[in-house]
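**Student:** got a predicted model here, sequence first, then my questions.
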Amino acid sequence: MNKSVAGPKEALKGITSGMTLMLGGFGLCGIPEACIKALSESNVTDLTCISNNAGVDDFGLGLLLKKKQIRKMISSYVGENKEFERQMLSGELEVELIPQGTLAERCRATGAGIPAFFTPAGYGTEVAEGKEVREFGGKMYVMERAFEADFAIVKAWKGDTEGNLIYKATARNFNPMMAAAGKITAAEVEELVPAGELDPNAIHTPGIFVQRIFQGENYEKRIEQRTVRPRA
Amino acid sequence: MALDKEGIAKRIAKELQDGFYVNLGIGIPTLVANYVPEGISVEFQSENGVLGMGPFPYEGEEDADLINAGKQTITVKDGASFFDSATSFAMIRGRHVQLTVLGAMEVSENGDIANWKIPGLMVKGMGGAMDLVASAENIIVAMTHTNKKGESKLLPECKLPLTGVGCVKRIVTDLAVLDIAPEGGFVLRELAPGVTVDEVKEKTAGKLIIPDEVEEVRV
């Protein structure tokens, strides 16, 4: 099955205003740069975005925030984005902050056909308000539910035309669970190769989870906190 | 003399034991990695998906695809591994990580912790902190004893929205090392060099328990 498409526009075909999108990445690491840029150049608006972070002011999801294309963000940490904080505190942007492990597991559950699960994270805090809590083995747990996502947009290092994906280092993060969770999953990769060139033993995301794949261009891969040590 | 950030990190490093997998939070906790005692082997986990973190890279060798949970560029040691976020939190919730060190804005005398939100002022999100504090067997808080206004951060009850309940075991501040008593209260274990019991008393708003013997912090 050849799932390759020409570029981000073709990969994102069918995304309309009001949809719920999952976007991979942790900070700016492993974000689908090309697709986010294409979205920011489109007229879709009123989006719900599920993503661990919200980019920075002028890169990543910050580009969509600046253009007010996002109605609601579901994230675990948004500390690096001033525009995000401003829109949230002023009430322009609806925000659901959830624990990072819960976010990851809710994504995983979505793709795995698990409607809900119990986690200890957030018990006794405002995160648990309105949710079912239950005791198992003397410890309290909060019930969390799977998401529903119209599209998942992920970024990988290498991919093949079957949609198989390999991630690099910590750019893996949320991408594999989100890839499995989208009703339609679009993957952008730094290197797209014909089926057969990737070692099946090395595949992180099997192609069954990916519907569209393309090779992105000119990856900027911005670093948020450049930390180095002096050479001895 | 009260401990500085490095001093707090050095003191916490003494809690590391051979064979521990450790998660370090952002800020002072990150510094703990610089003071692993000689002769023991520990591995640092970062919740964005790496086990076996090494030091920062040399200039020019930074890799945008290789960062820690603080979004800092890092390197990995021999034997490191990468994994997705769900696997990472399986390690955390599944209690495969032996020690978590994190910062706090407030800790209460029954071990509640608040560190993610100041309503109306600061809303950065909890990141992985709620998962970590709800799951770890051993949680050490690294923080200053008082906030910038000079108010105690060791309280009878947290005033800020909670990150977790009844989870903190030990607190290392610039002034002292304190344990949470099972029945509630901050047990004074060690004093920073030159810091008096009276100073800690004055700067601890919650119930302070002073045993007969209180040692001096050695770093």
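**Tutor:** Done, it's in.
**Student:** least confident secondary structure element in chain A?
**Tutor:** helix A:82-90 (a mean of 86; mean pLDDT, DSSP states H and E).
**Student:** so stretch A:176-186, near chain B or not?
**Tutor:** Yes - with Cβ under 8 Å from any Cβ of the partner chain as the criterion, chain B is reached by stretch A:176-186 at A:176-177. For the C-beta atoms, the positions are set from N, CA and C on the backbone; glycine is no exception.
**Student:** and the end-to-end length of that stretch?
**Tutor:** 12 Å (Cα to Cα, to the nearest Å).
**Student:** could you measure from A:Ile58 over to A:Glu129?
**Tutor:** Just so we're on the same page, residue A:58 is Asp rather than Ile. Noted for A:Asp58: a distance of 35 Å to A:Glu129, by Cβ to Cβ, to the nearest Å.
**Student:** which one of these two has more residues nearby?
**Tutor:** Ranked by neighbour count (other Cβ atoms under 10 Å in any protein chain shown), A:Asp58 and A:Glu129 place A:Asp58 first, with 11 against 8.
**Student:** how many residues are close by the residue lying closest to that one once chain neighbours are set aside?
**Tutor:** The shortest distance from A:Asp58 to any non-neighbouring residue, by Cβ to Cβ, 6 or more residues apart in numbering or on different chains, is to A:Lys66 (7.5 Å). Neighbourhood size, A:Lys66 [other Cβ under 10 Å]: 17.
**Student:** equivalent analysis for B:Ile8, please.
**Tutor:** Counted with other Cβ under 10 Å, the neighbours of B:Ile8 add up to 27.
**Student:** mind telling me what element it is part of?
**Tutor:** Counting by DSSP states H and E, the element that carries B:Ile8 is helix B:5-13.
**Student:** please export the C-alpha coordinates of that helix as CSV.
**Tutor:** Extracted in CSV, the C-alpha atoms of helix B:5-13 (Å, rounded to 0.1, in the frame of the first residue of the first chain):
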residue,chain,number,x,y,z
LYS,B,5,21.6,25.8,45.2
GLU,B,6,24.8,23.7,44.7
GLY,B,7,24.8,22.9,48.4
ILE,B,8,21.2,21.7,48.4
ALA,B,9,22.0,19.5,45.3
LYS,B,10,25.1,18.1,47.0
ARG,B,11,23.1,17.2,50.1
ILE,B,12,20.5,15.5,48.0
ALA,B,13,23.1,13.6,46.1
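**Student:** what sits against the residue nearest to A:Asp58?
**Tutor:** The contact partners of A:Lys66, taken as Cβ atoms under 8 Å, 6 or more residues apart in numbering or on different chains, are A:57-58, A:83.
**Student:** now those in TSV, with distance to B:Ala104?
**Tutor:** Listed next are the contacts of A:Lys66 as TSV, based on distance: Cβ to Cβ, whole Å:
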residue	distance to B:Ala104
A:Asp57	28
A:Asp58	32
A:Glu83	28
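**Student:** from those, which is closest to B:Tyr21?
**Tutor:** A:Asp57 (35.5 Å; Cβ to Cβ).
**Student:** thought the closest one was touching A:Arg86?
**Tutor:** No - A:Asp57 is not in contact with A:Arg86 according to Cβ atoms under 8 Å; the separation is 10.0 Å.
**Student:** and these two? Which one has more around it.
**Tutor:** Between A:Asp57 and A:Arg86, counting by other Cβ under 10 Å, A:Asp57 is the more crowded of the two (16 against 13).
**Student:** name the nearest residue to the more buried one, ignoring sequence neighbours.
**Tutor:** A:Glu83 (5.2 Å).
**Student:** same deal with A:Arg172?
**Tutor:** B:Asp84 (5.2 Å).
**Student:** swap in B:Val177?
**Tutor:** Leaving aside its sequence neighbours, B:Val177 sits nearest to B:Glu190 (Cβ to Cβ, 6+ apart; 3.9 Å).
**Student:** so the one you found, which state does it fall into?
**Tutor:** Per DSSP: H, G, I helix; E, B strand; the rest coil, the secondary structure class of B:Glu190 is strand.
**Student:** hmm, back to that, give me the pLDDT for the residue nearest to A:Asp58.
**Tutor:** Here, the pLDDT recorded for A:Lys66 equals 94.
**Student:** phi and psi next, for it.
**Tutor:** Here is the backbone geometry of A:Lys66 (degrees, to the nearest 10): phi -60, psi -40.
**Student:** picking that back up, so who does the residue nearest to B:Val177 touch?
**Tutor:** B:11, B:176-177, B:214-217.
**Student:** residues contacting the helix or strand hosting B:Ser88, please?
**Tutor:** According to DSSP H and E, B:Ser88 maps onto helix B:85-93. Contact partners of helix B:85-93, identified using Cβ under 8 Å, 6+ apart, comprise A:26, A:52, A:100-101, A:103-105, A:107-108, A:119-121, A:173-174, A:176-177, B:21, B:23, B:45, B:47-49, B:51, B:96-97, B:100, B:128, B:131-132, B:134-136.
**Student:** then stretch B:191-211?
**Tutor:** The contact list for stretch B:191-211 (Cβ under 8 Å, 6+ apart) reads B:1-3, B:7, B:108-109, B:145-146, B:151-152, B:154-156, B:174-176, B:178, B:181, B:184-189, B:214-217.
**Student:** weed out the non-buried ones from these.
**Tutor:** Among the contacts of stretch B:191-211, those classed as buried by 16 or more other Cβ atoms under 10 Å in any protein chain shown are B:2-3, B:7, B:108-109, B:145-146, B:154-155, B:174-176, B:178, B:185-189, B:217.
**Student:** ranges for the helices of the chain?
**Tutor:** Since you didn't name a chain, this refers to chain A. With DSSP state H as the criterion, chain A has helices at A:8-11, A:33-40, A:62-66, A:82-90, A:100-112, A:175-181.
**Student:** that was the other one, I meant chain B.
**Tutor:** With DSSP H as the criterion, chain B has helices at B:5-13, B:28-31, B:85-93, B:129-135, B:197-202.
**Student:** which stretch among the ones you listed comes nearest B:Glu62?
**Tutor:** Short answer: helix B:28-31, nearest of the helices of chain B by Cβ to Cβ, at 16.8 Å.
**Student:** chain center to the closest one: distance?
**Tutor:** Distance of helix B:28-31 from the chain centroid (Cα atoms, centre = their mean, to the nearest Å) equals 8 Å.
**Student:** so what's the residue count around the residue nearest to A:Arg172?
**Tutor:** Other residues close to B:Asp84 by other Cβ under 10 Å number 26.
**Student:** thought it was touching B:Asn48?
**Tutor:** No - judged on Cβ under 8 Å, B:Asp84 makes no contact with B:Asn48 at a distance of 9.8 Å.
**Student:** what about chain A, any weak spots by pLDDT?
**Tutor:** Applying pLDDT under 70 to chain A picks out no residues at all.
**Student:** sheet partners, orientation included, of the helix or strand bottoming out on mean pLDDT in chain B?
**Tutor:** Within chain B, confidence by mean pLDDT, DSSP H and E is lowest for strand B:122-123 among all helices and strands, at a mean of 78. Using DSSP bridges, the strands paired with strand B:122-123 are strand B:117-118 (antiparallel).
**Student:** check contacts around the closest residue to B:Asn115 other than its chain neighbours.
**Tutor:** Among residues not flanking B:Asn115 along the chain, B:Ala104 sits closest, at 4.5 Å (Cβ to Cβ, 6+ apart). Going by Cβ under 8 Å, 6+ apart, B:Ala104 touches B:113-115, B:141, B:143, B:153, B:163, B:168, B:171.
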